[in-house]
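>>> I would like to see how this sequence folds:
(chains A and B)
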Number of protein chains: 2
Amino acid sequence: MQAEIVSIGSELLLGQIVDTNSAVISRHLAGIGLDLYYKTAVGDNLARLVAVLRQALERSEVVITTGGIGPTADDVTREAVALATSRELVFSQQLMTQIEAFFRARGFKLSPSNRRQAFVPRGAIPVENPVGTAPAFIVEVGDRCVITLPGVPREMEHLLVTRVVPYLRERYGLKGEIRLRVLRVVGLGESGIGELLADFMEKGRNPTVGTLAHLGQVDVRIAAKGPDAETAQRLIEPVEAAIRGRLGDLIFGVDAETLEGVILAHVQRLGARVAVAEWGSAGAVADRLSQGLGRGFAGGIVLGDEGGAGRLGADFPRGSSAEVKARILADRVRAWHDVRVGGATVFEGDRATEPPVTVVGLAAALDGGVESREYRFGGDLPSMKIRAATLVLDLLRRTLARLP
Amino acid sequence: MQAEIVSIGSELLLGQIVDTNSAVISRHLAGIGLDLYYKTAVGDNLARLVAVLRQALERSEVVITTGGIGPTADDVTREAVALATSRELVFSQQLMTQIEAFFRARGFKLSPSNRRQAFVPRGAIPVENPVGTAPAFIVEVGDRCVITLPGVPREMEHLLVTRVVPYLRERYGLKGEIRLRVLRVVGLGESGIGELLADFMEKGRNPTVGTLAHLGQVDVRIAAKGPDAETAQRLIEPVEAAIRGRLGDLIFGVDAETLEGVILAHVQRLGARVAVAEWGSAGAVADRLSQGLGRGFAGGIVLGDEGGAGRLGADFPRGSSAEVKARILADRVRAWHDVRVGGATVFEGDRATEPPVTVVGLAAALDGGVESREYRFGGDLPSMKIRAATLVLDLLRRTLARLP
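Here you go, the predicted model:
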């Protein structure tokens, strides 16, 4: 069983966007044991696209396209798939009804060009798109198929996971299973983790263990392959236990768990609430604590160009370090909101060093007490915001975890 | 003149890394007027790689490969290029001397496998690599060529800029230049813009005009090709003027300009400051207004699970809509911070509809007056935050732009 990916869009060839979709598709195909041998990127050009699709169908059973199914005239994927599979394009009332419903629900105005999106090659299986306006479709050609997905990453991945992967499993009887466990780690860098886990990361092992670094956080991914899900799962368990033994409470969660989710679970368990003050991270912490609709986040204050900590009743002794300011802010925002838990970030430039660094003070206040840390960051501001948010959330997590 | 890129490495097909190299190469090729029609990614497999290279050489004058020239046995690019161009691999003392010097200078130990890297197809032009251990090379085949570059992004780009681009300009007498102009638009969707600009977006025009949608924002890209930079620039101007005539003040900026940058420029010009209150967008607006180190952002308030607008002195009449609440909040946060400009977002679920939608009230307050809008959003919370932030920033921009 062989698959290939065709990414479509002139913006890919001009280098204006990086093709992240094909990496996402690759990972999902690997997860069901489909071998991927080629990826091709081609522009919005009908003749070239048709040629690429024909070649792909000659050498691979499964061809997945992404991009070029928007409403505008430069989107030619529908026409190209029809030509490459020798079918005509026909209007699908089913898809049109779905597109109309999507627009109606959002109060968007349907434009005449959206009607283009309801055309599919004759005999195609329409794939409804509940998260966007571009419906997808599958054309079966003998034992082969062309699967046409949108280019918008969020829509593409949603349809891939909910519709395409189940379709491929069913049609091609793909029974090999891969099970994944992701351990989420804060407090140690990727190379440090790599050294601690070197023996698990050797080639040719099953499960494989790999790391993926985010800003301020590292995922340790355990992937096991087995003839069925249960066997794959059983292979994961001893490896996970051994890794937990080495990393301990650096691991804050598993799989899709987030630091903010762990914190909100703690404060809900305690019947408490948390408030934050941000002077530098500028809303990055509040943004994460307000994900989802859970209770427990009382609110945030973002300090601007002149600070304005006085509005919270905070008063900094002359010459306070970033860490001391963060301690005072965390306690004051807690009191101002009249809640038990407060967090704070403070960024201060240190221009005496070359290259310049940012001194980052972080604090977590609980009832009367305060825990704090100070870091020195380099890099651009957006990256520093994300790292600071992760580290102050980890400080809050550790503070809350100690409560019974 | 036609070029294509072949990215080599099994990690690309497993989705373990995103291929950023090919986007970088694309941009450099576009800059010298070389047309790129295809990008192919293929694994470290000799037979498949040879087939891909042969096809690339048939359809394109310039083939650029990246990856697969390391010292290990799984790197087969050298062998594949030799086979695809029907030459044997020969040892180059010149490259070996350079590799040895590179290792010596850094105190690295040369391993026997590094000797592999000194083999190139007979007649190849060696390209010295001063920033890494993998030397590159160019094989000329009649008027065509295969240019083999490393996969390490920093090494690849260094060799591309310093050696490959000058080589291509010289060998193919490339004098063409591409100039880009991006018009940044808020307030009309991609399909609406596509209809307004349909004539400019027809195939085969120069400049080409295309659109790229972000959440709540669309880029209109004008790309002109000319024999030199000046001519290309002159081709852009009338098209830009005509598009501006149609889109008017939906265009908020050009190229790398941002909405928040435009707003901060306005408030700085006016000697004013802006503050925001967010009940739903949860820091997304504050985050954007605090980008960079410019003055003018006084601070933000993120309302949490129980609102807490009372802390700002806000009082909502019973039954207030999201829009009315946003109007009150925008004015109160302005007064609380004692500044001239205030913005606010309010999200409220409407569970009466199916699928559920979120009613989003947005407001911009300036001195005594308030402008506001109400939208109905679907989709996930992170997307809604980004869209709401973009739309309230646009409302602030429009309010500020009216001031002399």
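>>> name the helices or strands packed onto the lowest-mean-pLDDT helix or strand in chain A?
Sorting the helices and strands of chain A by mean pLDDT, DSSP states H and E puts strand A:208-214 at the bottom, at a mean of 80. For strand A:208-214, the helices and strands in contact under the criterion 3 or more Cβ pairs under 8 Å, 6 or more residues apart in numbering or on different chains; DSSP states H and E are helix A:190-196, strand A:217-226. Using the backbone N, CA and C atoms, a C-beta is placed for each residue, glycine as well.
>>> ok, residues contacting the first one?
Around helix A:190-196, the neighbours that count as contacts under Cβ atoms under 8 Å, 6 or more residues apart in numbering or on different chains are A:185, A:188, A:201, A:211, A:213, A:218, A:220, A:246-247.
>>> just to revisit the earlier point, which of the helices and strands packed on strand A:208-214 sits most buried?
strand A:217-226 (a mean of 20; mean count of other Cβ atoms under 10 Å in any protein chain shown).
>>> what comes up buried for the next helix-or-strand element following it?
Going down the chain from strand A:217-226, the next helix or strand is helix A:229-247, by DSSP states H and E. Buried residues in helix A:229-247, counting neighbours by 16 or more other Cβ atoms under 10 Å in any protein chain shown, are found at A:232, A:235-236, A:239-240, A:243, A:247.
>>> wait, which of those residues is closest to chain B?
Closest to chain B out of the buried residues of helix A:229-247 is A:A232 (17.4 Å), distances taken as Cβ to the nearest Cβ.
>>> re earlier: list the pairing partners of the least confident helix or strand of chain A within its sheet, with orientation.
Partners of strand A:208-214 in the sheet, by DSSP bridges, are strand A:217-226 (antiparallel).
>>> Show me the shaky parts of the stretch 251-400 of chain A.
Applying pLDDT under 70 to the stretch 251-400 of chain A flags the ranges A:292-294, A:351-355.
>>> near chain B, which residues of it?
Contact residues (Cβ under 8 Å from any Cβ of the partner chain) of the stretch 251-400 of chain A with chain B: A:273, A:275, A:278, A:282-287, A:289-292, A:294-306, A:308, A:311, A:336-337, A:381-382, A:385.
>>> hmm, back to that, out of the contacts of helix A:190-196, flag the one nearest to B:L168.
Taking Cβ to Cβ as the measure, A:A213 is the one of the contacts of helix A:190-196 closest to B:L168, at 35.4 Å.
>>> For the closest one, list the residues it contacts.
A:189-190, A:219.
>>> If we use 10 Å, what do you get?
By Cβ atoms under 10 Å, 6 or more residues apart in numbering or on different chains, A:A213 lies in contact with A:185, A:189-191, A:193-194, A:219.
>>> out of those residues, what pair is the most spread apart?
Among the contacts of A:A213, A:S191 and A:D219 lie farthest apart (Cβ to Cβ), at 14.6 Å.
>>> ok, the residue of the stretch 201-350 of chain A found nearest chain B - how many residues close by?
Minimum separation of the stretch 201-350 of chain A from chain B (Cβ to the nearest Cβ) falls at A:G283, amounting to 2.7 Å. By the measure other Cβ atoms under 10 Å in any protein chain shown, the count of residues near A:G283 is 30.
>>> distance of the closest residue to A:F103 other than its chain neighbours from A:Q98?
Leaving aside its sequence neighbours, A:F103 sits nearest to A:L110 (Cβ to Cβ, 6 or more residues apart in numbering or on different chains; 4.7 Å). Distance, A:L110 to A:Q98, using Cβ to Cβ, to the nearest Å: 12 Å.
>>> who has more neighbours, these two?
For A:L110 versus A:Q98, neighbours defined as other Cβ under 10 Å are more numerous around A:Q98 (19 against 16).
>>> The closest residue in space to A:W279 that isn't next to it in sequence and A:I193: what is the separation?
Once flanking residues are discounted, A:W279 sits nearest to A:L303: 4.0 Å by Cβ to Cβ, 6+ apart. Distance check for A:L303 against A:I193: by Cβ to Cβ, it reads 34 Å.
>>> what's A:E88 sitting at in phi/psi?
The phi/psi pair for A:E88 (degrees, to the nearest 10) reads phi -90, psi 160.
>>> ok so, going back, same list (the helices and strands packed on strand A:208-214) but as JSON lines, adding mean pLDDT and distance to B:D331.
Shown next, in JSON lines, are the helices and strands packed on strand A:208-214 (pLDDT from 0 to 100; distance: least, Cβ to Cβ, whole Å):
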{"stretch": "helix A:190-196", "mean pLDDT": "83", "distance to B:D331": "48"}
{"stretch": "strand A:217-226", "mean pLDDT": "88", "distance to B:D331": "39"}
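>>> Nearest to B:T148, out of the ones you listed?
Nearest of the helices and strands packed on strand A:208-214 (Cβ to Cβ): helix A:190-196, 29.8 Å.
>>> Please could you give me each C-alpha atom of the closest one, formatted as PDB?
What follows is helix A:190-196 as a C-alpha-only set of coordinates in PDB (Å, rounded to 0.1, in the frame of the first residue of the first chain):
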ATOM      1  CA  GLU A 190      15.400  18.800  24.900                       C
ATOM      2  CA  SER A 191      19.100  17.800  25.000                       C
ATOM      3  CA  GLY A 192      18.900  17.200  28.700                       C
ATOM      4  CA  ILE A 193      15.900  14.900  28.300                       C
ATOM      5  CA  GLY A 194      17.700  13.300  25.300                       C
ATOM      6  CA  GLU A 195      20.600  12.400  27.500                       C
ATOM      7  CA  LEU A 196      18.400  11.000  30.300                       C
END
